[in-house]
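[1] take this sequence and fold it.
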Amino acid sequence: LDWWHADRYCEQHFAQLLFEPQDSEQDPFSKLLQSHHIRGSVWLKERDGVLHNPKRRRGHTVPVLVFRDKTDTKYVKVLSDFPALPAVTACAHLQWDTRTQDIATIFSYAVPAFINEFQLRGFVDEEGFIRFALIVHGHHSPYLPVFRADGQWHHFCVTWQQENGTWAIYADGKRRAAASGLCAAGASAPQAIYGQGTFIIGQDQDSLGGTFRAKESFSGNITDLHIWQKVLGTEQIEKVRSCWVIEQDRVFGWSLNTLELESTVQTVTAQLLCPGPVEECRALEIGSSGFSYASCLQTLPFICRYRKDVYWQLKRAQLESSHSLVSRVNTLAARTVIPDSIFTSDVQDMNLSLALSALDVLATVLREGEMSVLEPSDLLAVLQLLKQVSDMEVQEGDELGMLEQLGQYYMEVIELILEEQNIGTWSSVSQVIRGPMAVVELCDRMVSLLVPLLTAERTKITIQHGNIGLRRVTLKNLWFGYGALQRCLSSSAVSQDVAASAVGHKYVSTTVGTALISSTLLGDHQEISTAVRYRLQHRGQVPRGAVPYRFSLVLLHVSPAAGGMWSTAGCSVVTSSQDSTACFCNHTTNFAILLQVHEMQTTTKEEFTLQTLTFIGCGVSFCALIVTFVLFLVVRVPRSERTTMHQNLILALAAAQALLMFSELAKSNQILCFMVTAFLHLFFMAAFSWMLVEGLLLWSKVVAVNMSEGRRMKFYYVTGWGLPVLIVGVTLATSFDKYVAENHCWLNAQTNIIWAFVGPVLFILAVNTFVLLRVVVVTVSSARRRSKMLTPNSSLENQIGVQIWATAKPILVLLPVLGLTWLCGVLVHLSIIWAYVFIVLNSLQGLYIFLVYAVYNSEVRNAIQRMKDKKKA
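    Sure thing, here's the model as predicted:
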């Protein structure tokens, strides 16, 4: 089989495609295979998981136009009105007839002003390549090689735009030729390809819509032609090649209804296998113990690898089976729906019709209930069939009503195998299927098959049987009724870390309190990571007088190997009442949200990295700030305005960073989260206010200010602590209900409350930037004067070095207390890189203050030295 089908076949048979042997295993493994007369290449599944979840390789069924020979009669006319085209892209699949080397016209577009208005031509060169040339307004590009004349299907796209006459030719997703100047807009050239022309496939028009010549006609097959009134980018062309339809700005889409066929032109239906993201897969060379790469579409032998415990349990189930279910299903269907052996089932592609009839028969047999308890082999056979159905590829043209009916049967079969009497059967195959949560994964696969049912008119699909169902919208949800999985889940399913987190609460028993949910958010048919809020209804009301339930939110992580395990990671309870629990999932707080004006989408890995950097940075910073604060108190640094301000800044910043590190713990409690947000706002605002005070003190030293020290300190305290209290108080009074963000304990960016922090911060940073520039100017001019007085004959290099140091020193010393590194915080929504930079610079601000104002501070060092001298004396 090809790699994709081989991998799927092994997974359907409860195994995995062969992994790459370890170095020590290669020789004995190769000899083992040779002893079984297996030689040549076999497919491998790479251990790093690059190909573990490939994009679905879809079969694309399309009508194909067949031009058998070069004639002056065969043509196809496009029945569409073309607008004027200042830019154009045309893409199609092509199979070239290599029997002739004459020039062939793939398509020609003619208008009365220019017969050769827009045309694509090609021929086979002596080296065996197809060369293409593009014609616009009668101007001809050179013939350039684009793909081999191998008789295979190839995908091509040509683009042109009037600006600079830029054009390009793509083949099989790669740009093969590109240049500019092909009939660029100018005084003697029209501004765009004229509209309302005649588009002919397979012939060169020597007059409008006619006068064809056999020598210039096309011979071969062509299909899937689409035309857009814009230039598609490389990524969009790759999407088109992968059979995704780009509707925007498309002026012609492939359909026989929009074509006028000359009577001798034949049409056939063909299936194109759309390319996937990985074109080459790894293979093991038996005999040489080496490895190679081959096209994933190539058919090679493959080996399915079983774990020993899985293999023996499958073998035992097979030997002990009475085959009653298998025989009844196959008899009723009058064909082999379920094979006798789990190991040796035939390799066959499941299509919609086969799947529908198979599940119909299976549901009928299970529904009749004559088989009260499923045997282990029966359960495994049913799961194997469900795997095959969920891996099925829906083809274009399949009847959508059948697809919806398939979903109904699928849900019914799952409901029936989860009946209470089958608990023992699930336990007996625990090595093969790690618990009934395997059906959650199967349903998750099945729900993706329902994509074709979604239309502009029908935006939501719900399929349900009994108390199991699935819904497919942008958010893909699955739910399982209270009893469906409760019967098969014991209290041991709750992991130790969950139980340990509830100290003081005795767990009498563990029950499923709500419908279990599996949820995935999709964008462009791929999973994306974002936060989601759920409200789950409880399974029943608490009787009056009874001890109320204590609901703990426990997430279910589904994996093929583990079959599902319980964990509290990633979700938290927002509110819980007697009838429902609201929870918030898959979002973590990090330092970058403090100045984030816009919401930023991040992947789970990026979110984890941001959170880790924040926690480490804030932890180090907090410790450094506490040590600095203690040093200022213990070593008795001489009191001054500057040390007083440093102490207040350190106090505010340490409190803010301590709260930030543990704000995640408050998310589950709405009141606590509100309080944490308010105090975070207060302490971070106070930290910035004291940074402003530091800037004002610097200004008073640089520019003479007539104010006594006592009056200055009162003003500084009012600014440092009074201003933050005022800002937070006014914000709470005016926006109490919109204060906290939905997904973390911080100010709400969606309601613009975030500007109650960002606005004052930007003002403070602007003032401090001006102060710093003034200080740098004064310092540099002072250093220049001092250098001329002390070393008038110094070299130019020495003078430049003195000035550079005079510039760098105040910047390095003042950056941590003026907070200017926070300026990059407003840019975090532009790129994840800014988030990393912002977190590293500012979560470590406390460490920077410790180094500059404690370790390398001459006052602190002198005070420590005086303590040492006093102790010696």
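[2] what's the weakest-modelled helix or strand in the protein?
    helix 496-500 (a mean of 30; mean pLDDT, DSSP states H and E).
[3] quick one: buried residues of stretch 754-769?
    For stretch 754-769, a neighbour-count test (16 or more other C-beta atoms under 10 Å) marks Ile754, Ala756, Phe757, Val758, Pro760, Val761, Leu762, Ile764, Leu765, Val767, Asn768 as buried. Placement of C-beta: from N, CA and C, glycine included.
[4] kindly export it (C-alpha atoms) in CSV.
    Only the C-alpha atoms of stretch 754-769 are listed here, as CSV (Å, rounded to 0.1, in the frame of the first residue of the first chain):
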residue,chain,number,x,y,z
ILE,A,754,-7.1,48.0,29.8
TRP,A,755,-6.5,51.6,28.9
ALA,A,756,-7.0,52.5,32.6
PHE,A,757,-3.6,50.9,33.0
VAL,A,758,-2.0,51.3,29.5
GLY,A,759,-2.9,55.0,29.2
PRO,A,760,-1.2,56.2,32.4
VAL,A,761,1.8,53.9,31.7
LEU,A,762,2.4,55.3,28.3
PHE,A,763,2.2,58.9,29.7
ILE,A,764,4.7,58.0,32.4
LEU,A,765,7.1,56.3,29.9
ALA,A,766,6.9,59.3,27.6
VAL,A,767,7.8,61.6,30.6
ASN,A,768,10.7,59.3,31.7
THR,A,769,12.0,59.0,28.1
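[5] any idea how far Trp153 lies from Ser217?
    Counting by C-beta to C-beta, to the nearest Å, the gap from Trp153 to Ser217 is 20 Å.
[6] okay, those two: which has more neighbours?
    Neighbour count, other C-beta atoms under 10 Å: between Trp153 and Ser217, Ser217 has more, with 22 against 17.
[7] any idea of the mean pLDDT in the longest helix along the chain?
    In the chain, assigned by DSSP state H, the helix with the most residues is helix 755-790. Over the span of helix 755-790, the pLDDT mean works out to 78.
[8] got it, and stretch 119-131?
    What stretch 119-131 shows for mean pLDDT is 88.
[9] could you pull out the buried residues of it?
    Buried residues in stretch 119-131 (16+ other C-beta under 10 Å): Gln119, Leu120, Arg121, Gly122, Phe123, Val124, Phe129, Ile130, Arg131.
[10] sheet partners, orientation included, of the strand or helix carrying Val251?
    In the assignment (DSSP states H and E), Val251 maps to strand 250-252. Applying DSSP bridges, strand 250-252 is found paired with strand 220-228 (antiparallel).
[11] how far off centre is the strand it pairs with?
    Mean-position distance between strand 220-228 and its chain equals 32 Å (C-alpha atoms, centre = their mean, to the nearest Å).
[12] Pro452 contacts Met402, doesn't it?
    No - the criterion here is C-beta atoms under 8 Å, and Pro452 misses it with Met402 at 11.0 Å.
[13] helices or strands next to whichever strand or helix holds Thr628 in the packing?
    In the assignment (DSSP H and E), Thr628 maps to helix 604-634. Under the contact criterion of 3 or more C-beta pairs under 8 Å, 6 or more residues apart in numbering; DSSP states H and E, helix 604-634 touches helix 641-661, helix 832-843, helix 845-850.
[14] which one of those is the most hemmed in?
    Burial of those is given as mean neighbour count (mean count of other C-beta atoms under 10 Å); helix 845-850 ranks first at a mean of 22.
[15] past that one, which element shows up next along the chain?
    Sequence-wise, the next helix or strand downstream of helix 845-850 (DSSP H and E) is helix 858-872.
[16] what's around Gln266, how many residues?
    Neighbour tally, Gln266, other C-beta under 10 Å: 12.
[17] what bridges to it?
    As for beta bridges, Gln266 partners with Val66 under DSSP bridges.
[18] pretty sure it is touching Lys74, no?
    No - counting by C-beta under 8 Å, Gln266 sits too far from Lys74 to count as a contact (9.2 Å).
[19] mutual contacts of the two, please.
    Residues touching both Gln266 and Lys74 (C-beta atoms under 8 Å, 6 or more residues apart in numbering) are Arg68.
[20] which non-adjacent residue is nearest Val64?
    Thr223 (4.3 Å; C-beta to C-beta, 6 or more residues apart in numbering).
[21] what is the one you found paired to in the beta sheet?
    Beta bridges link Thr223 to Val64, His93, judged by DSSP bridges.
[22] if I pick it, what's in contact with it?
    Going by C-beta under 8 Å, 6+ apart, Thr223 touches Val62, Pro63, Val64, Leu65, Ala92, His93, Trp254, Ala270, Leu272.
[23] how close does it sit to Leu256?
    In terms of C-beta to C-beta, Thr223 sits 10 Å off from Leu256.
[24] quick check: neighbours shared by these two?
    Common neighbours of Thr223 and Leu256, using C-beta under 8 Å, 6+ apart, are Pro63.
[25] residue boundaries of the strands in the stretch 301-450 of the chain?
    Under the criterion DSSP state E, counting those that start in this stretch, the stretch 301-450 of the chain contains strands at 304-305.
[26] which stretches of it form helices?
    Assigned helices in the stretch 301-450 of the chain, in chain order: 308-319, 324-333, 352-368, 376-390, 400-417, 423-428, 438-448 (criterion: DSSP state H, counting those that start in this stretch).
[27] in the very next helix or strand once past the last one, what's buried?
    Pointing back at helix 438-448 there. Once the chain leaves helix 438-448, the next helix or strand it forms, by DSSP H and E, is strand 461-465. Residues of strand 461-465 classed as buried by neighbour count (16+ other C-beta under 10 Å): Ile461, Ile463, Gln464, His465.
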